[in-house]
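A.B. asks: need the 3D shape of this:
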Amino acid sequence: MSANSEKPALPILERIDHLVLATPDLDAGVHHVEELLGVEAVPGGHHPVYGTRNALVALSRSCYLEIIGPDEKILNREEVRVFGIHGLEQPRLVTWAAKGQELEQLVDDALKEMIDLGGVTLGARRRPDGAELTWRFTDPLAARNGGVLPFFIDWGNSDHPAASLPQQCELLEMTLHHPHHDDVKERLRAIGLDMPVAQGDQPQVAATIRTPKGVAEL
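C.D. replies: Residues are numbered from 1 along each chain as shown. Below you'll find the model as predicted:
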């Protein structure tokens, strides 16, 4: 199914699969998020291909915040190229993932609009409880307007990771900023995501989250 099909569109918050907060040190990044949100992040797992590991905070039953940093047992920070971790000095939101299906068709349709989402890859990780999660996703390393355009993910038959997490936070709003905001808005529309993009000095993803401590901004 193409991005421009006639299937009714989900509200934009429901299209968000997860937000990606990259950090040069995972433990420090987890502490930063826990201080800000007032909840404990749940250890996720390891990504041997990228040399990273993560921790998660649910933002609904089908959306989460991923805190991702180097897995020091595999690579040091300077070697981790995914999400620009090698160049980070502090944690920050770097991009987001959108829910998708029929990813090969979506990639082909995007290329017709001169948008390169990269290839489609199978991912897998094992949770601390031993359960294995598998998913298919477009290339998170593809150039996507500084991370303002998302990569796409399809969990297939796996349970969504957010469903088993404590439900203490809620994503209220995600905002996107880019120096060429009108162009980026058109590129988002071309891949089936009709949403505003504000003018900004640099590409930026920001989020407003309801937490046990009140409303927080990432």
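
A.B. asks: tell me which element the spatially closest residue to Ala206 that is not a sequence neighbour is part of?
C.D. replies: In this structure, Ala206 finds its nearest non-sequential neighbour in Thr175, 4.7 Å apart by Cβ to Cβ, 6 or more residues apart in numbering. Where you see a C-beta, it was placed from the backbone N, CA and C, and this is true even at glycine. Using DSSP states H and E, Thr175 falls within strand 170-178.

A.B. asks: buried residues in that strand?
C.D. replies: Residues of strand 170-178 classed as buried: Leu171, Met174, Leu176, His177, His178 (neighbour count, 16 or more other Cβ atoms under 10 Å).

A.B. asks: quick check: the third one vs Gly69, distance?
C.D. replies: Spelled out, it's Leu176. Distance of Leu176 to Gly69, computed by Cβ to Cβ, to the nearest Å: 23 Å.

A.B. asks: residue nearest the middle of this protein, spatially speaking?
C.D. replies: Trp96 (3.1 Å; Cα atoms, centre = their mean).

A.B. asks: helix, strand, or coil at that residue?
C.D. replies: strand (DSSP: H, G, I helix; E, B strand; the rest coil).

A.B. asks: okay, and the beta partners of it?
C.D. replies: Residues in a beta bridge with Trp96, per DSSP bridges, are Leu19.

A.B. asks: pull up the pairing partners for the lowest-mean-pLDDT helix or strand in the chain, direction included.
C.D. replies: Here the helix or strand of the chain ranked lowest by mean pLDDT, DSSP states H and E is strand 120-126, holding a mean of 85. Note on strand 120-126: by DSSP bridges, its sheet partners are strand 132-138 (antiparallel).

A.B. asks: on that earlier part again, quick one: residues contacting the residue nearest to the centre of the chain.
C.D. replies: Ile16, Asp17, His18, Leu19, Val20, Gly147, Pro150, Met174, Val205 (Cβ atoms under 8 Å, 6 or more residues apart in numbering).

A.B. asks: isn't the third one right up against Ile68?
C.D. replies: What it means is His18. No: the pair His18 / Ile68 is not scored as a contact, 10.1 Å apart, by Cβ atoms under 8 Å.

A.B. asks: hmm, back to that, format the buried residues of strand 170-178 as JSON lines; extra columns: distance to Arg125.
C.D. replies: Listed next are these as JSON lines, based on distance: Cβ to Cβ, whole Å:
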{"residue": "Leu171", "distance to Arg125": "22"}
{"residue": "Met174", "distance to Arg125": "24"}
{"residue": "Leu176", "distance to Arg125": "27"}
{"residue": "His177", "distance to Arg125": "31"}
{"residue": "His178", "distance to Arg125": "31"}
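
A.B. asks: can you name the two of these that sit furthest apart?
C.D. replies: The most widely separated members of these are Leu171 and His178, with 20.2 Å between them, by Cβ to Cβ.

A.B. asks: brilliant, that's me finished.
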